[in-house]
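1. here's a sequence, model it:
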Amino acid sequence: MKPVSFDKEKIHINLARIRKGGEIFEVAIDSDKAVEFKEGKNVDIREVLQSEQIFSDAKKGLLAAEASLETLFNTKDVLEIAKLIMTEGEIQFTAEYRNKLKESKRKNIINQISKFGVDPKTNLPHPAARIEAAIEEARVNVNLFKSAKQQVNDIIKEIRPILPIKLCSKQVNVQIPAIYAGKSYPILKNYGDLKSENWLNDGSLSVDVVVPAGMINEFFEKLNSLTQGTMESKIIKEE
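-> Below you'll find the model as predicted:
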């Protein structure tokens with residue numbers, strides 16, 4: 001990777017920073033890759049770094065002294081030091097990126113809850129707007145470095161006093177007539193988790209699929225539309 005020189009007059013960069021032995025050590029980072037790294041995804045540290053350099057002040061382009069790196073990190077290996085800074089240090093995003101990331105995470109969380117969350121009394125899904133209002137009322141703090149999926153359970157606990165809600169999915173058996181069987185796969189895979197599939201003697205397809213409760217009606221509508229109402233289904237159990 002080529003070294004990066006930063007324009008001090010125009011620079012707005014995202015950084016990871018750590019204070020060690022009274023000194024500051026920084027790396028310039030790719031914001032999206034940094035988030036994936038912090039979420040625990042399999043991301044090569046080289047993809048995270050804008051430059052394979054350790055700075056004492058990245059915005060000024062000042063490199064950290066090699067003697068300090070070796071003394072305080074017991075290595076001069078830039079990639080190993082960068083991993084430690086990313087893991088143990090502080091991530092500093094620009095205000096623009098932080099706001100963009102927060103809004104994206106918030107929308108993903110609402111989407112996740114709307115898929116699996118239902119009213120315990122009616123077993124009907126809550127509209128996304130209702131979930132969003134509850135999140136705002138509860139003043140939920142969205143964690144920028146956890147995926148939406150990782151945060152759903154904790155956020156459900158926070159909004160439950162405002163919005164009665166439970167997470168639920170349904171295992172259903174669906175039988176698709178032979179003429180529509182092949183075309184049904186995209187719907188089955190997009191809406192659920194296939195548990196089993198059996199091809200019957202007449203060429204029709206019988207599958208057991210787990211579908212998020214909040215998407216079950218849409219799932220049935222899509223299959224009914226595809227098969228012109230000829231598919232058969234039954235709910236086996238709720239999970």
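2. just the pLDDT at Lys2, thanks.
-> For Lys2, the pLDDT comes out at 41.
3. helix/strand/coil for the residue nearest to Thr75 when sequence neighbours are not counted?
-> Among residues not flanking Thr75 along the chain, Ile81 sits closest, at 6.6 Å (CB to CB, 6 or more residues apart in numbering). Where C-beta positions appear, they are placed from N, C-alpha and C, glycine not excepted. Classification of Ile81 by DSSP: H, G, I helix; E, B strand; the rest coil places it in helix.
4. correct me, but Ile81 touches Ile18?
-> No. Between Ile81 and Ile18 there is no contact under CB atoms under 8 Å: 9.1 Å.
5. of those two, give the one with the bigger neighbour count.
-> Ile81 (23 against 20; other CB atoms under 10 Å).
6. wait, what's in contact with that one?
-> Counting by CB atoms under 8 Å, 6 or more residues apart in numbering, Ile81 touches 25, 54, 69, 73, 75.
7. ok, now how distant is the residue lying closest to Ala213 once chain neighbours are set aside from Glu36?
-> Spatially, and ignoring its direct neighbours in sequence, Ala213 is nearest to Cys168 (4.0 Å; CB to CB, 6+ apart). For Cys168, the distance to Glu36 (CB to CB, to the nearest Å) stands at 29 Å.
8. hmm, back to that, looking at the contacts of Ile81, which two lie furthest apart in space?
-> The distance between the two most remote of those (CB to CB) is 12.5 Å, for Phe25 and Thr75.
9. what touches both of these two?
-> Counting by CB under 8 Å, 6+ apart, the residues touching both Phe25 and Thr75 are 69, 81.
10. neighbour count for those two, which is higher?
-> Neighbour comparison, Phe25 and Thr75: the larger count goes to Phe25, with 24 against 12 (by other CB under 10 Å).
11. much appreciated, bye for now.
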